[in-house]
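K.L.:
Just the structure for this:
(one chain, ligands or ions: 1)
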Amino acid sequence: MNNGQQPNKIKVGVLGATGAVGQRFVQMLQGHPWFEISALCASERSVGKRYVDACKWNLRGDMPARLRDVILEEAVPGMDCQIFFSALPSDAAREKEQELAAGGHIVCSNASAHRYDEDIPLLIPEVNPEHLGLIEIQQRQRGWKGYITTNPNCSTTHLVSALHPLHVAFGIRKIFVVTMQAVSGAGYPGVSSMDILDNIVPYIGKEEEKMEKREPQKLLGRFDGNKVQMADFVVSAHCNRVPVRNGHLEAVSIEFDRKPTLAEIREVWMNYKPLAQQLGLPSAPQPALIYQEEQDRPQPRLDRLAGSVPGMATVIGRLREDPLFHAKFLVLGHNTIRGAAGGSLLNAELLVAQGYLGAKAATLANLAQLA
Ligand SMILES: NC(=O)c1ccc[n+]([C@@H]2O[C@H](COP(=O)([O-])OP(=O)(O)OC[C@H]3O[C@@H](n4cnc5c(N)ncnc54)[C@H](OP(=O)(O)O)[C@@H]3O)[C@@H](O)[C@H]2O)c1
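P.N.:
Modelled structure (predicted):
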């Protein structure tokens, strides 16, 4: 692709660059202190076309001028990208991400294809950075020069972000969650307007299975040096599509091993300063969790961009006693920012800062941040 790139930045490619999440990657990577886009990739329908012609830009603000004339490519090993950010549909992601990792690239994926593989980290930098230890095992077992990391699905990301410090402090036994998920979570063009206007669709394919059986248990599981021992709690999830453009709202009830007071729960959230925030990663919101006092918040339209890095924080509110469980509250988070592209981006920043791209990248990143 065209040049004008900065020599010290880490070159990255975006897979699925024309889609809802791919566009978020493109937007979030503009002006990033460590990363610079060197390739945009999409399906065979779009390969060979200019980005501006193949992509119906759906985000606020213009498509970045530097990228309008870039020709979309097929992603192949050996391209000039140390990292590929993947916004591919899951079926397309399975083979492609493996092929790229085998060829020496680092793949930071949004797709569910590899989230549940035992040797592939499912990561939220604030929650389970120690799961990066799986990378060495993955490379050894598969004989890959590169590797894959994944981030969870958009509703799990915000649920687990709010739960993590509570699980550490009090132990979680049961979770009951009802999601109200935005239409952008279904990609573009996604749900038909005739289906969603004046309506709620009480079903999202495979979403409840991901939240109930797979993702929270792996994220909050313990890495024992060889594998992740799944966390031992039960989740019941009801997932609904609602006529909101961006931002998933979730009503959560929890039972703990030891029942805390509401004040103790609040204190744990207020004092939460995990590794990503301590390291000052560029996309890490400060703080990671925002508690809203107003009794009618958080709301998607008002609060999905709250915090120091818009769309990256998890917003919590309405903590109260639960007559069936121990406590209940609301969680809100942006689905295509922290729930998708921003989650992968923060994973990549953690990889750099922890030396998983080599000492040179880590040093350059530190210098760029200090500049
Ligand atoms: N939307 C969200 O809030 C969200 C949140 C978390 C995770 N995710 C996950 O992120 C991924 C992308 O979701 P999305 O909502 O952005 O979907 P989307 O809007 O439908 O975009 C899909 C993208 O993948 C490309 N693509 C499709 N088939 C391909 C193939 N066989 N080979 C190469 N490229 C192909 C498309 O290119 P063309 O334009 O050429 O067709 C397009 O760029 C999915 O795995 C999804 O589950 C989404």
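K.L.:
Quick check on whichever residue of the chain sits closest to the ligand: phi, psi?
P.N.:
Residue nearest to the ligand within the chain (Cβ to the nearest ligand atom): residue 19, separated by 1.9 Å. C-beta: built from backbone N, CA, C; applies to glycine. Main-chain torsions, residue 19, degrees, to the nearest 10: phi -90, psi -180.
K.L.:
what's the burial count for it?
P.N.:
24 (other Cβ atoms under 10 Å).
K.L.:
Hmm, it is touching residue 188, no?
P.N.:
Yes: using Cβ atoms under 8 Å, residue 19 is in contact with residue 188, at 6.2 Å.
K.L.:
would you list every one of the helices in this protein?
P.N.:
Along the chain, counting by DSSP state H, helices occupy 20-29, 51-54, 90-102, 134-142, 154-170, 193-196, 207-209, 215-219, 262-270, 275-279, 300-303, 342-353, 359-370.
K.L.:
Those helices into a markdown table, with extra columns for mean neighbour count?
P.N.:
As requested, the helices of the chain are exported to a markdown table (neighbours: other Cβ atoms under 10 Å):
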| stretch | mean neighbour count |
| --- | --- |
| helix 20-29 | 25 |
| helix 51-54 | 17 |
| helix 90-102 | 18 |
| helix 134-142 | 17 |
| helix 154-170 | 24 |
| helix 193-196 | 12 |
| helix 207-209 | 17 |
| helix 215-219 | 25 |
| helix 262-270 | 15 |
| helix 275-279 | 17 |
| helix 300-303 | 17 |
| helix 342-353 | 27 |
| helix 359-370 | 14 |
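K.L.:
low-confidence ranges in the stretch 1-150 of the chain?
P.N.:
1-7 (pLDDT under 70).
K.L.:
Mind doing that once more with 50?
P.N.:
2-3 (pLDDT under 50).
K.L.:
Next to the ligand, which bits of it? Give me the list.
P.N.:
Contact residues (Cβ under 6 Å from any ligand atom) of the stretch 1-150 of the chain with the ligand: 16-22, 42-43, 45-46, 87-90, 92, 110-111.
K.L.:
What does the pLDDT read for residue 369?
P.N.:
On pLDDT, residue 369 comes in at 62.
K.L.:
Then residue 308?
P.N.:
98.
K.L.:
domain parsing for the protein?
P.N.:
Following automatic domain parsing, one gets these domains for the chain: 10-151+340-370, 154-334.
K.L.:
Can the last one be said to contact the ligand?
P.N.:
Yes: residues of domain 154-334 contacting the ligand under Cβ under 6 Å from any ligand atom: 154, 184, 185, 187, 188.
K.L.:
Quick check, the second one in contact with residue 242.
P.N.:
No: between residue 184 and residue 242 there is no contact, the gap being 11.6 Å when judged by Cβ under 8 Å.
K.L.:
These two - which one has more neighbours?
P.N.:
residue 184 (24 against 18).
K.L.:
okay, now residue 248: neighbour count?
P.N.:
Other residues close to residue 248 by other Cβ under 10 Å number 30.
K.L.:
tell me the contacts of it?
P.N.:
154-155, 158, 179-182, 185, 300, 332-333, 335, 339 (Cβ atoms under 8 Å, 6 or more residues apart in numbering).
K.L.:
what's the answer for residue 123, then?
P.N.:
129, 131, 132, 149, 150, 151, 219, 347, 350.
K.L.:
Send me stretch 154-165 as CSV with only the CA atoms.
P.N.:
Provided in CSV are the C-alpha atoms of stretch 154-165 (Å, rounded to 0.1, in the frame of the first residue of the first chain):
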residue,chain,number,x,y,z
CYS,A,154,-19.0,-8.0,23.1
SER,A,155,-21.5,-8.7,25.9
THR,A,156,-19.1,-11.1,27.8
THR,A,157,-16.3,-8.4,27.7
HIS,A,158,-18.3,-5.9,29.7
LEU,A,159,-19.9,-8.4,32.0
VAL,A,160,-16.6,-10.0,32.9
SER,A,161,-14.9,-6.7,33.3
ALA,A,162,-17.4,-5.7,36.0
LEU,A,163,-17.2,-9.1,37.6
HIS,A,164,-13.5,-9.7,37.7
PRO,A,165,-12.6,-7.7,40.9
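K.L.:
Quickly list what residue 240 is bridged to.
P.N.:
residue 180 (DSSP bridges).
K.L.:
Just to check, it is in contact with residue 177?
P.N.:
No: between residue 240 and residue 177 there is no contact under Cβ under 8 Å: 11.0 Å.
K.L.:
In terms of packing, which of the two has more residues around it?
P.N.:
Higher neighbour count among residue 240 and residue 177: residue 177, with 23 against 16, using other Cβ under 10 Å.
K.L.:
returning to what we had before: for the helices of the chain, give me TSV that also has distance to residue 320.
P.N.:
As requested, the helices of the chain are arranged in TSV below (distance: least, Cβ to Cβ, whole Å):
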stretch	distance to residue 320
helix 20-29	33
helix 51-54	48
helix 90-102	37
helix 134-142	38
helix 154-170	15
helix 193-196	30
helix 207-209	25
helix 215-219	22
helix 262-270	7
helix 275-279	27
helix 300-303	18
helix 342-353	29
helix 359-370	40
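K.L.:
before we move on, the earlier item: which single one of the contacts of residue 248 is nearest to residue 316?
P.N.:
Of all those, residue 332 has the smallest distance to residue 316: 7.8 Å, by Cβ to Cβ.
K.L.:
need the contact list for the residue lying closest to that closest one once chain neighbours are set aside.
P.N.:
Of all residues not flanking residue 332 in the chain, residue 298 sits nearest, at 3.9 Å (Cβ to Cβ, 6 or more residues apart in numbering). Neighbouring residues of residue 298 by Cβ under 8 Å, 6+ apart: 249, 292, 306, 315, 316, 317, 330, 331, 332.
K.L.:
Determine the number of other residues adjacent to the first one.
P.N.:
Other residues near residue 249 number 25, with proximity taken as other Cβ under 10 Å.
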